[in-house]
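A.B. asks: Generate coordinates for the sequence data below:
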Amino acid sequence: MIDTHTYLHDLYDALHDSPMQRKIRTIAPMPFGVVFLPWKGMKEEEMREHFRTMKRLGFHNLKQTMPAPGWSTERILSVALEEDVIPFWYGEGGWEAITDELLEKLGIAKDAPIAEIRRDPRMIAHQKEVLRNRIAYGKISGGMVEGTVLQEAGFMKYAGDEIQLHNDPILREDAIPLFQEWCIEKYGTVERLVEEWNQEEVGIASKPYASWEDFKSDATLSRHNKREYGYLRDVLRFKADVTINKILKRNRLSAERDPEEPTRAGGEMGLFLPFAWRGTDMEGIAEAMKEYGSFYPSLHLAWHFEEVNYEVGPCVYMQASICVDWFKGGWSATWESTGGPQQFSGGKGWTVKSREETPGYTVNAGTMTQLLLSYLAAGFKGAGLWCWNYRRAGWEAGEYALLNRNNEPGERAIQAGRIAKAAEKHRDELWRSRKEPYVGVLVNWENECIWGAASVSNRDHFKNYPVHARIGATRSLIATNVPWEHVMPADIEAGLAPRYRVIFLPAQLSLPESLIEQLITFVENGGRVVLDAPGGWFDHKGRVLESHPGSPFERLFGACIDDFQYGNNVPYVLNGIERRDFIIEVKPTRAEVLQHFENGVPAVTEHRLGKGTAVILGWAASHPLYTPGQKALEEELSSLLLGTHTPPYSCEGAYVYRLASAEADHYFFINDGEAREVTLETRFGTYTAITDPVSGESLQSGNPIALEGYSGRWLRFAKEIGK
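C.D. replies: Below is the predicted model of the structure:
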């Protein structure tokens, strides 16, 4: 079948385009690096033998190292380079740009294929010296931007190095003067501030600010209600901007020293945390990396998966995907990923529950397969594994290592190396491959701010609600093998909405009217929008969203919101299942009621607008699916999202992710159960050959696909070029 849908790949790539990103795409790096840790009494020949073993298995670079008595970082990195192991996390991504001028200087034909250019001994020798010069570089940290406020690259940047901003919505008094300057720069007029902070509404301000002088004279902001949502949103935005500004400063200093060396930023944090409530904007950090290098998350099972109750299978893909999706078109990877099993060293204890549990995992060859294949399927181009060998004493002693406790490579290390070799072999094709998502799952940082604001001195769990809803939404799509992607309001503003057949708005408590207008256009042109509860409670200011006839909301959904309820003391039963969460009392104006709760309240409405449809689900369909094991509800939500659309492939018994290129489709199978055989049904016509890039095995089309238990498999389905 020829898929005639436009996925807007060129626009996708352009969203984070820059000279650095173009250089990286040309080189197409696929570094799978490891952390090497020296030990007491280590001899140089022992170190060299480890580097040779790394290279033999498929690891061609270090993610990093650490100094120890008798071994400086510089010496370790030098020995690695002497053994032809690139001593830096970015691998070949840190090469000097391959320009016509460089090719002419080295005597390499300009029209040679890029794979041949990368292998040419003259190119390798030149780039080795580029890398060697960096071994002596010192660490760049801190750095304060002169002055107060900068306006650059679409962000407000504030030089806040002199204050300590905590990861929460609370603005401490020493930060208030800086925050006030930030507000003046952001809003320009005090009237805009008064409007955004809802100061003319009841119970918000004893007296609205009359001028900037009046505003600044309120040294503790005592005249404004500290629980007002517009104010809290701005506190979180201010804190996020300070962090972004510090990252940009480090990036600038690094680029001044060496413009060819990529930098990385993202987080030693799991991506299931309530980032907005923590005053951290990961989407903004990704934007800050556009000109400089790579955006990444850390993916340690024991550190970052307590928020999903230690679940691995689909959650690894969720975490990798949101990182890629925040940085559409840019270079994303996990530059710090679990290398081996752990029980004692992990768990940050964000919740009381996690502090009372052991964050333990089995990390064998199957687990490593699930991790690395999920990374590739999500769009990561490389990984850094902590670590090659374990620490011998102290924190993390005996844990996290690819090697076993005898410092030998077992099946875990061998399998990771096999996958690294396969990714290296197909690196150019993987860099040309793209996701082709049917559903875009909306992630809106400002919506999460409003949820965070609602949690202040009220219900702490509200800060996690949109994250749990996002997990539930994507769980239903993964479980039913529907291709999907996170989409942000900035992506829609840039014109990316037609990339998706469906845009889902899970737990969008705050809906800006500007976004609603853009969704109206999307639906009129044939798209499908689906909203669940408690979507549409507030606008972007944290003020009750208008849904009366003629409002943008009513024009989109053909319905008004009469009230919000909660399924608790009064049952709301649909399809035999009681819905115990937020409920929307929908009053259709032009929409058709497709389903009712058993008590007669509309449960599903659909408004046909232009060529498309807009749907309201009158219950919290996504949030309850945060908890796994609810197959019927997962299938129900997936079906309601798709409407008349049919998924392009199906596979009972495994999670399947697909990357598409002109040459081949790459399918990644994740098996979260015992060994089994599965069948992949696709609607893409006939493939010319099927191979396993990791094992080299060839498969016959239509035959069952064998999957090892609690593991995964990567299959390459070759296409007839041009079909």
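A.B. asks: Please make it C-alpha for all contacts and neighbour counts, starting now.
C.D. replies: Noted.
A.B. asks: how many other residues sit next to N458?
C.D. replies: N458 has 10 neighbours, counted by other C-alpha atoms under 10 Å.
A.B. asks: Identify the residues contacting it.
C.D. replies: By C-alpha atoms under 8 Å, 6 or more residues apart in numbering, the contact set of N458 is empty.
A.B. asks: Tell me how far it lies from R227.
C.D. replies: Counting by C-alpha to C-alpha, to the nearest Å, the separation of N458 from R227 is 10 Å.
A.B. asks: now S551
C.D. replies: S551 sits at a distance of 28 Å from R227 (criterion: C-alpha to C-alpha).
A.B. asks: next one: F327
C.D. replies: In terms of C-alpha to C-alpha, F327 sits 32 Å off from R227.
A.B. asks: Show me which of the two is the more surrounded one.
C.D. replies: Higher neighbour count among F327 and R227: F327, with 27 against 17, using other C-alpha under 10 Å.
A.B. asks: What does the more buried one show for phi and psi?
C.D. replies: With angles defined as degrees, to the nearest 10, F327 sits at phi -120, psi 50.
A.B. asks: out of everything not next to it in sequence, what's closest to it?
C.D. replies: A286 (5.5 Å; C-alpha to C-alpha, 6 or more residues apart in numbering).
A.B. asks: Mind naming the longest helix for this protein?
C.D. replies: When the chain is scanned for its longest helix (criterion: DSSP state H), the result is helix 229-257.
A.B. asks: Just the CA atoms of the helix or strand that comes right after that one, as PDB, please.
C.D. replies: Counting by DSSP states H and E, the next helix or strand C-terminal to helix 229-257 is strand 263-267. What follows is strand 263-267, C-alpha atoms only, in PDB (Å, rounded to 0.1, in the frame of the first residue of the first chain):
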ATOM      1  CA  THR A 263      27.900  20.000  23.900                       C
ATOM      2  CA  ARG A 264      25.100  18.200  25.500                       C
ATOM      3  CA  ALA A 265      22.300  19.200  28.000                       C
ATOM      4  CA  GLY A 266      19.100  17.600  29.200                       C
ATOM      5  CA  GLY A 267      19.200  15.900  32.600                       C
END
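A.B. asks: in the stretch 301-450 of the chain, which spans are strands?
C.D. replies: For the stretch 301-450 of the chain, the strands defined by DSSP state E, counting those that start in this stretch cover 331-332, 334-338, 383-386, 439-442.
A.B. asks: Now the third one - C-alpha only, PDB.
C.D. replies: This means strand 383-386. Extracted in PDB, the C-alpha atoms of strand 383-386 (Å, rounded to 0.1, in the frame of the first residue of the first chain):
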ATOM      1  CA  ALA A 383      23.900   5.800  23.700                       C
ATOM      2  CA  GLY A 384      26.400   6.100  26.600                       C
ATOM      3  CA  LEU A 385      26.400   3.200  29.000                       C
ATOM      4  CA  TRP A 386      27.300   3.600  32.700                       C
END
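A.B. asks: V482 and C651 touch, don't they?
C.D. replies: No - contact between V482 and C651 fails when scored by C-alpha atoms under 8 Å: they sit 10.5 Å apart.
A.B. asks: These two: who's more crowded?
C.D. replies: Taking other C-alpha under 10 Å, V482 and C651 do not tie; V482 has more neighbours (25 against 16).
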